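> Fold the stuff below for me.
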Amino acid sequence: MDFIDQIKQFSNRIKGLKDSIQTEEATKTSIIMPFFSMLGYDVFDPQEFVPEYTADVGIKKGEKVDYAILKDGKPCILIEAKSISENLDKHNSQLFRYFGTTEAKFAILTNGIRYKFYTDLEQPNKMDSKPFLDVNILDIKENQVTELKKFSKSSFDVEKIFDTASNLKYSTQFKTIFANELQNPSDSFVSLFVSAVYDGKKTQSVIEKFRPILKASLNQYITENMNEKIKSALNAQEETAETEEIEEDIKPKRNIVTTQDELEAYFIIKNILKEVVNIDDITFKDNERYMAVLYKNKTTKWICRLYFNSSTKYIAIPDADKKEIRISLNDLYEIEQYKQDLLDVLTRYL
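Purely as a prediction, here's the structure:
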């Protein structure tokens, strides 16, 4: 099983468990230990995964961090675990104290759902106040899966992770700042743009005047950019579909036989759709695998496909993404039961 599939499976498990977990101990045993087990660590081997690891702090002796992962007998990752109901934002000070007293290069603060990864990018042997990776296991992003895999036992490499941690940390912070500026542009952000388009004095009233204009402009630009990408993707999809149809056309036609059942089903569908469009706009195209019922003879505007070449007959109706939903038919007139589905498909092309 690929790592991403393991993550998805684990995430689904947590969704089913989270409401029944009430204590810190339950969080550790039912979520946190299984998480590190998924990463390949033997959570029952005290030479690899040590619970209650001693991390003496100054004159305080016997201070313990919840877990430490050892490599070659030395701690490489410290783990501070909290109850699933705890807000982690107020708990990193405890882990901060432990970090400087051990040889560990990484520290993880978790409540079983959220995992915050820290290192010492800003000052050696002093844990950063902000994590370089913050993962919500119930809403994990695709790029985070790659970073998380680096902490698995088989992939763990201190130098490689540390080399990428800086870019990861600051790029995440930049995205957060930019998202905030899009919603509520700060004075300095507005001033940056105003300087490029306005020659007058940038008083506070000028800043206030341009703030909503800038916010609307930036969000509009992002929307237009996204729409262009979606349009390009859809065009590419249509071109692919047309190419497939062309390839189908140039194949030898030896096995294409339009049967009486296919024609009868086609006329049933035409009769249903004549309520919305001219009956002549509904056409068909037969090939070896199926008969396609089309709008205005466009292969990219297929209304349904009839798979009648086996003992079981199917009608395939496309969803909004043009993925087939196949339905078996015992009788051709069962097609009439799907009248609204066929009309909905046709309406999308109008």
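
> Ranking helices and strands of this structure by mean pLDDT, which lands last?
Least confident helix or strand of the chain, by mean pLDDT, DSSP states H and E, is helix 204-250 with a mean of 75.

> ok, and what's touching whichever helix or strand comes after it?
Downstream of helix 204-250, the next assigned helix or strand under DSSP states H and E is helix 260-273. By C-beta atoms under 8 Å, 6 or more residues apart in numbering, the list of residues contacting helix 260-273 from outside reads 279, 282, 284, 286, 291, 293, 303-304, 306, 308, 313, 315, 332-333, 335-336, 339, 342-343, 346. No exception for glycine: its C-beta is placed from N, CA and C like everyone else's.

> Now do the buried residues in helix 260-273.
For helix 260-273, burial by neighbour count (16 or more other C-beta atoms under 10 Å) applies to E262, A265, Y266, I268, I269, K270, I272, L273.

> What's the PyMOL line that selects buried ones from the contacts of helix 260-273?
To isolate the buried members of the contacts of helix 260-273 in PyMOL, using 16+ other C-beta under 10 Å:
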select buried, resi 282+284+286+291+293+303+304+306+308+313+315+332+335+342+346
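
> which stretches of the stretch 1-150 of the chain aren't confidently modelled?
Residues of the stretch 1-150 of the chain meeting the criterion pLDDT under 70: 1, 56-62, 91-92.

> now the helices: where do they sit in it?
Using DSSP state H, counting those that start in this stretch, the helices of the stretch 1-150 of the chain run over residues 3-17, 24-27, 33-38, 92-99, 142-149.

> tally of neighbours for S129?
Neighbour count of S129, defined by other C-beta atoms under 10 Å: 10.

> cool, and V43?
For V43, the count of nearby residues is 20 (other C-beta under 10 Å).

> I figured it hits F49, correct?
Yes: between V43 and F49 there is a contact under C-beta atoms under 8 Å: 4.7 Å.

> Identify the contacts common to those two.
In contact with both V43 and F49: F36, using C-beta under 8 Å, 6+ apart.

> Could you break this structure into its assigned domains?
Taking automatic domain parsing as the reference, the chain has its domains at 3-178, 194-246, 260-348.

> Determine which of those domains approaches D187 most closely.
domain 194-246 (5.4 Å; C-beta to C-beta).

> For S188, find the nearest of the domains of the chain.
Closest to S188 of these is domain 194-246 (C-beta to C-beta; 9.4 Å).

> Can you tell me the centre-most residue of this protein?
The residue lying closest to the centre of the chain (C-alpha atoms, centre = their mean) is K141, at 5.0 Å.

> got a list of what the closest residue to L148 other than its chain neighbours touches?
Using C-beta to C-beta, 6 or more residues apart in numbering and skipping residues adjacent in sequence, the residue nearest L148 is V135, 6.1 Å away. V135 makes contact with R114, Y115, K116, F117, Q144, L148 under the criterion C-beta under 8 Å, 6+ apart.

> Turn the residues you listed into TSV, columns for distance to L78 and neighbour count.
TSV is the format used below for the contacts of V135 (distance: C-beta to C-beta, whole Å; neighbours: other C-beta atoms under 10 Å):
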residue	distance to L78	neighbour count
R114	17	20
Y115	13	23
K116	12	21
F117	11	23
Q144	20	19
L148	17	22
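
> ok, so of the residues you listed, who is nearest S217?
Lowest distance from S217 to those (C-beta to C-beta) belongs to Q144, with 30.8 Å.

> Verify the contact between that closest one and L133 for me.
Yes: using C-beta under 8 Å, Q144 makes contact with L133 at a distance of 6.9 Å.
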